[in-house]
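Peer 1: Here you go, sequence then predicted model.
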Amino acid sequence: MTADKRLLRLRPDDSVAVTLDGLEAGTALPYGDIAVRETIPPGHKVAVVSVAEGAPVRKYGQVIGYAARPIEAGDHVHVHNVGFADTSDAAVTTGQVPAPEPVEPETFAGIVRPDGRVGTRNYVGIITSVNCSATVAKLVAERVRISGMLAAQPSVDGVVAITHQTGCGLASDGEGLELLRRTLSGYADHPNFGGIVVVGLGCEVNQIAELDLPTSTPYTSMTIQDAGGTAAAVRAGVEGVEKLLASMEIERQPVPVSELVLGLQCGGSDGYSGITANPALGVASDMLVARGGTSILGETPEIYGAEHLLAERAVDDDVAARLYQRIAWWREYTAAHGGSMDNNPSPGNKEGGISTILEKSLGAVAKAGTAPLSDVRLFAEQGTSRGMVFMDTPGYDPVSATGMVAGGANLICFTTGRGSVYGCKPVPSLKLATNSEMYRRMSDDMDINCGVIADGEASVEEIGRQIFERIVATASGEQTASEILGFGDEEFAPWQLGAVM
């Protein structure tokens, strides 16, 4: 038996190669007199050179871990023989990455708000200040849906209740409350909402009056206690939505793709993620940036170990320093809770072939393409800089995407190898499969099969162009798989910091 061409050694100095189909014990490898020493699953790594105990293991031309015991050429390389070691901030020279050559902007059919902001969807939002008002918000949304009043407004995409599990039982000042208010305010002011109803209980820590509610989006607010209880608040909420709908009929019009803010997300990653979907999404991101648009990379625990690659793309030393500051914060944050940055790879990630957080991060940063890093933002923070920006978010997908949407993302691209199911109302979410087997098994949940790259049927650049074209079509109103399935009503997840009191 000999290995076929579906064995990838990504860089000449890599210690490992990735098997795309799996390898049986005894298979001869095309790297000298080497045979596979044990059965290796698809997407996993095989050693192509021997690695001494304690020596670095390399993939992507970077260190993904250290040999926890001697590794022989032909061994399966995974969690049983690769260990993790903390990284340190690498010295980098910034300002060296040229901006992409400007491209004449294409257009999409966008929703232009009276103040000039551009949305990709037209929703009514029922936003809650506290968990205690979640049921009322859901009841309002359901009553509106079954009333038939949405049928009279065909340009309105629906009504969504933005509910969560906090808003009280936390300190009345400090980072936790500030973060929640910034997130809720970002959603309230999102261009994909044509009108909002804000619902509180009345006695919560997170008072509606302290939210930064929009000056341009029509809204109404109330508390359950002032309304006279649950039933009265639901009636008032439905009446509020009915009034908002009267002013929400709007026609899409051509606008440049520079108005798009794309959130780059990955979840349920596997050994194919850094080879297929993530680099293809990076190509699409570069195409958007070249046309004046904005891409947001997040998931700070999932760039850990690859942060130097982003820092050296920073436009100046200040941006690089702010990126390293966020990494330092996460080291302290995980240590304070008795954790490690290497706790991040999930059981599914490991089953899919990812051994350490360093390996996961090196594949994840490929979503950011090659454009210069223009800014570093806090969770849910909005900014004015365009191009490729980084937002400090957790790696947990719903929380990360929530921060991106609050920060202005009007479309999400979500790569997955294991088959994450996810939606993100009021923002459409495109699902990009990393491998063809999972795509066939879960085709109803996926929008694009990037596994054809590994199958040898298309190049990274070709699929990147396909992703970009789907981004434009989705921004123009074409529904994604997750929208068709009805995802997005339960996925709002603010990042909760601080003690529960």
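Peer 2: Arrived safely, thanks for sending.

Peer 1: Can I get the lengthiest helix in the chain as PDB, trimmed to CA atoms?
Peer 2: When the chain is scanned for its longest helix (criterion: DSSP state H), the result is helix 317-336. Backbone C-alpha positions of helix 317-336 (Å, rounded to 0.1, in the frame of the first residue of the first chain) are rendered in PDB as follows:
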ATOM      1  CA  ASP A 317       2.800  49.600  16.800                       C
ATOM      2  CA  ASP A 318      -0.200  50.900  18.700                       C
ATOM      3  CA  VAL A 319      -2.500  48.400  17.100                       C
ATOM      4  CA  ALA A 320      -0.100  45.500  17.700                       C
ATOM      5  CA  ALA A 321       0.300  46.600  21.300                       C
ATOM      6  CA  ARG A 322      -3.500  46.600  21.800                       C
ATOM      7  CA  LEU A 323      -3.700  43.100  20.400                       C
ATOM      8  CA  TYR A 324      -1.000  41.800  22.700                       C
ATOM      9  CA  GLN A 325      -2.800  43.500  25.600                       C
ATOM     10  CA  ARG A 326      -5.900  41.500  24.900                       C
ATOM     11  CA  ILE A 327      -3.900  38.300  24.900                       C
ATOM     12  CA  ALA A 328      -2.300  39.200  28.300                       C
ATOM     13  CA  TRP A 329      -5.800  39.900  29.700                       C
ATOM     14  CA  TRP A 330      -6.900  36.400  28.600                       C
ATOM     15  CA  ARG A 331      -3.900  34.800  30.200                       C
ATOM     16  CA  GLU A 332      -4.800  36.400  33.500                       C
ATOM     17  CA  TYR A 333      -8.500  35.700  33.100                       C
ATOM     18  CA  THR A 334      -8.100  32.000  32.500                       C
ATOM     19  CA  ALA A 335      -5.500  31.700  35.300                       C
ATOM     20  CA  ALA A 336      -7.800  33.400  37.800                       C
END
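
Peer 1: mind listing what's buried in that helix?
Peer 2: Buried residues in helix 317-336, counted by 16 or more other C-beta atoms under 10 Å: 319-320, 322-324, 326-327, 330, 334. C-beta coordinates here come from the backbone N, C-alpha and C atoms, glycine included.

Peer 1: and it, average pLDDT?
Peer 2: Helix 317-336 comes out with an average pLDDT of 94.

Peer 1: what does stretch 156-167 give?
Peer 2: 97.

Peer 1: Output it as PDB, restricted to C-alpha atoms.
Peer 2: As requested, the backbone C-alpha atoms of stretch 156-167 are provided in PDB (Å, rounded to 0.1, in the frame of the first residue of the first chain):
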ATOM      1  CA  VAL A 156     -40.300  43.300   6.800                       C
ATOM      2  CA  ASP A 157     -38.300  40.100   7.500                       C
ATOM      3  CA  GLY A 158     -40.000  39.400  10.800                       C
ATOM      4  CA  VAL A 159     -39.900  40.200  14.500                       C
ATOM      5  CA  VAL A 160     -37.300  38.800  16.900                       C
ATOM      6  CA  ALA A 161     -37.100  38.800  20.700                       C
ATOM      7  CA  ILE A 162     -33.600  39.600  21.900                       C
ATOM      8  CA  THR A 163     -33.600  37.800  25.300                       C
ATOM      9  CA  HIS A 164     -30.800  36.900  27.700                       C
ATOM     10  CA  GLN A 165     -30.100  35.500  31.200                       C
ATOM     11  CA  THR A 166     -28.800  38.600  33.000                       C
ATOM     12  CA  GLY A 167     -29.600  42.300  33.600                       C
END
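
Peer 1: Residues in contact with that stretch: which ones?
Peer 2: Contacts of stretch 156-167 from elsewhere in the structure, counted by C-beta atoms under 8 Å, 6 or more residues apart in numbering, are 121-134, 137-138, 140-141, 144-145, 150, 180, 184, 187, 194, 204-206, 241, 245, 248-249, 425-426, 488-489, 492-494, 496.

Peer 1: Just the buried residues of those residues.
Peer 2: Buried subset of the contacts of stretch 156-167 (neighbour count, 16+ other C-beta under 10 Å): 121-134, 137-138, 140-141, 144, 150, 180, 184, 187, 194, 204-206, 241, 245, 248, 425-426, 488-489, 492-494.

Peer 1: taking these one by one, which sit in helices?
Peer 2: Here DSSP H is the test, and the buried ones among the contacts of stretch 156-167 give 134, 137-138, 140-141, 144, 180, 184, 187, 241, 245 as lying in helices.

Peer 1: And stretch 138-157, end to end?
Peer 2: End-to-end distance for stretch 138-157: 17 Å, by C-alpha to C-alpha, to the nearest Å.

Peer 1: and if you look at stretch 382-401?
Peer 2: Across stretch 382-401, the straight-line distance between its terminal residues is 14 Å, by C-alpha to C-alpha.

Peer 1: Farthest-apart pair in the ones in helices among the buried ones among the contacts of stretch 156-167, please.
Peer 2: Pairwise distances across those peak at 28.1 Å for 180 and 245 (criterion: C-beta to C-beta).

Peer 1: quick revisit: now tabulate the ones in helices among the buried ones among the contacts of stretch 156-167 in JSON lines and tack on pLDDT and distance to residue 165.
Peer 2: Output for those, formatted as JSON lines (pLDDT from 0 to 100; distance: C-beta to C-beta, whole Å):
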{"residue": "134", "pLDDT": "98", "distance to residue 165": "8"}
{"residue": "137", "pLDDT": "98", "distance to residue 165": "13"}
{"residue": "138", "pLDDT": "98", "distance to residue 165": "14"}
{"residue": "140", "pLDDT": "98", "distance to residue 165": "19"}
{"residue": "141", "pLDDT": "98", "distance to residue 165": "18"}
{"residue": "144", "pLDDT": "97", "distance to residue 165": "23"}
{"residue": "180", "pLDDT": "97", "distance to residue 165": "11"}
{"residue": "184", "pLDDT": "98", "distance to residue 165": "13"}
{"residue": "187", "pLDDT": "98", "distance to residue 165": "15"}
{"residue": "241", "pLDDT": "98", "distance to residue 165": "24"}
{"residue": "245", "pLDDT": "96", "distance to residue 165": "29"}
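
Peer 1: Now do the nearest residue to residue 150 once chain neighbours are set aside: how many residues are near it, please.
Peer 2: Leaving out its chain neighbours, the residue that sits closest to residue 150 by C-beta to C-beta, 6 or more residues apart in numbering is residue 156, at 5.9 Å. Each residue near residue 156 was counted by other C-beta atoms under 10 Å, and the total is 22.

Peer 1: who does the helix or strand encompassing residue 412 pair up with?
Peer 2: Element membership for residue 412, per DSSP states H and E: strand 411-416. For strand 411-416, sheet partners with direction are given as strand 261-266 (parallel), strand 429-433 (parallel), following DSSP bridges.

Peer 1: helices and strands around the helix or strand that the first one is followed by, which ones?
Peer 2: Looking back up the chat, that one is strand 261-266. Next along the chain after strand 261-266, taking DSSP H and E as the criterion, comes helix 277-290. Counting contacts by 3 or more C-beta pairs under 8 Å, 6 or more residues apart in numbering; DSSP states H and E, helix 277-290 is packed against strand 261-266, strand 294-297, strand 387-391, strand 411-416, strand 429-433, helix 460-475.
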